[in-house]
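>>> Using only what follows, build the 3D model:
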Amino acid sequence: MKTIQEILYSGTAYLEARGIDAARHSMQSMLVHVLGCSKTWLYLHHDDPLTEATLAPLREMLRERGKGVPLQHLLGSTEFYRREFRTDARALIPRPETEELVEFALQMADKKPGMRILDMGCGSGIIGITLALELAAHKPDVVMADISDAALALTLENAATLGARVRTYRSDLFSAWSPSADNPVVPPANFDLVMANLPYVPDGEPVSAEVRHDPATALYGGPDGLDLVRRFLAEARPYLSDKCLVMLEVGHNQGEVTRKLMEANGYTDCRVLTDMSGKARFPIGYATHPPQTNHE
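Got it, this is the predicted structure:
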């Protein structure tokens, strides 16, 4: 029988030969998952042999990972802001940069009791759920919207598992905010903080094998990638409170263009925050309403 260390080495080489990034990390994570142990235990028992019963499911995971299936899909979860979120093909895999956007939001938001938060294009729910839990002392009203029923189901599963109080709406951006015979209840407005991680990949732009496992509706945003961002910025204004903080995540080369779009739509104090690698990918601004005129 092969030892844990031998399996780790051979599996890493298998993934490297197939061009998988961070091959050793993937192999370690799959071993930890299959063995139900920690990485520390793995290192302390590197000479332990592995039985065929253990190797069979590991081989299947290794084959799928070698084909480019995301590690998060194989493990069924990923860590985001110190919490485990369920992840699968129903929604975009959470990106590390999005944690940075959430951190900025927690630093900059005007925290007050009952604050209203909107997570537009919520996907797996990582942004809204994290804010609901981190700001729980303020009893926020967190609303989460997505065009995908499957993504919303995943959001609710994560919210239930993590104990977050949120509300979800199936909506093509703000379509659910328009009352109709089929939708007599209008969702809340006057939001104090709005987060949007919308599709921003230009149509036809090549993406990695792993990213191709994400839903296309969560990736592509028109010829320049910003079609949905334009619609969002134009449609959002009536639903925002005065001085509402609006924060977006876009591609590494779209920050300045998006900032100008925000200014063109009347948002104020617009700027672009950079991620830890120095990429300007978080455009932010404020929805400022003009003063009311007294016509008495």
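>>> Find the residue at the geometric middle of the chain.
The C-alpha lying nearest the average C-alpha coordinate of the chain belongs to Pro94 (Cα atoms, centre = their mean; 4.2 Å).
>>> can you count the residues close to Pro223?
Neighbour count of Pro223, defined by other Cβ atoms under 10 Å: 10. C-beta: built from backbone N, CA, C; applies to glycine.
>>> how close does it get to Val201?
Distance, Pro223 to Val201, by Cβ to Cβ, to the nearest Å: 11 Å.
>>> How much space separates Asp146 from Ala136?
On the measure of Cβ to Cβ, Asp146 and Ala136 end up 22 Å apart.
>>> Now do the contacts for Ala109.
Contact analysis of Ala109 by Cβ atoms under 8 Å, 6 or more residues apart in numbering lists 115, 135, 192-193, 245.
>>> Can you tell me the number of residues neighbouring Glu52?
Glu52: 8 neighbours (other Cβ under 10 Å).
>>> whoops, I mixed them up, Gly255
When neighbours are counted by other Cβ under 10 Å, Gly255 comes out with 22.
>>> Quick check, it in contact with Phe282.
Yes - assessed by Cβ atoms under 8 Å, Gly255 is found in contact with Phe282 at 7.1 Å.
>>> which residues are in contact with both of those two?
Val272.
>>> Show me the shaky parts of the chain.
Applying pLDDT under 70 to the chain flags residues 180-185, 207, 209-210, 213-214, 216, 218, 290-296.
>>> where exactly do the helices run in it?
4-17, 23-35, 39-44, 52-66, 71-75, 96-108, 126-134, 149-162, 227-236, 255-264 (DSSP state H).
>>> The first one vs helix 23-35, what angle?
Relative orientation of helix 4-17 and helix 23-35, computed by axes from the mean of the first three to the mean of the last three Cα atoms, to 10 degrees: 130 degrees.
>>> Determine which two of the contacts of Ala109 are furthest apart.
Within these, Leu135 and Leu245 form the most distant pair, 13.1 Å apart (Cβ to Cβ).
>>> Tell me which of the two has more neighbours.
Applying other Cβ under 10 Å to Leu135 and Leu245 shows that Leu245 carries more neighbours, namely 22 against 19.
>>> Just grab the bridge partners of the more buried one for me.
When assigned by DSSP bridges, Leu245 has beta-bridge partners Leu193, Tyr286.
>>> i'd like the first residue to be 720 from this point on
New numbering, starting at 720: the last item is Leu964.
>>> you'd agree it is up against Met914?
No - with contact defined as Cβ under 8 Å, Leu964 and Met914 do not form a contacting pair (9.1 Å).
>>> what sits in contact with each of those two?
Shared contacts of Leu964 and Met914, counting by Cβ under 8 Å, 6+ apart, come down to Ala824.
>>> Show the contacting residues for Pro1002.
So Pro1002 contacts 966-967, 969, 974, 977-978, 981, 989-992 (Cβ under 8 Å, 6+ apart).
>>> most surrounded residue in these?
Leu967 (28 neighbours).
>>> Quick check: it touching Ile1003?
Yes - between Leu967 and Ile1003 a contact is recorded at 7.4 Å, counting by Cβ under 8 Å.
>>> related to what we said a few turns ago, any idea which of the helices of the chain is most buried?
Ranked by mean neighbour count under mean count of other Cβ atoms under 10 Å, the helices of the chain are led by helix 845-853, which reaches a mean of 25.
>>> hmm, who's touching it?
Helix 845-853 is contacted by residues 799-800, 802, 804, 813, 817, 820-821, 824-825, 836, 838, 841, 859, 861-863, 874, 877-878, 881-885, 912, 914, 916 when judged by Cβ under 8 Å, 6+ apart.
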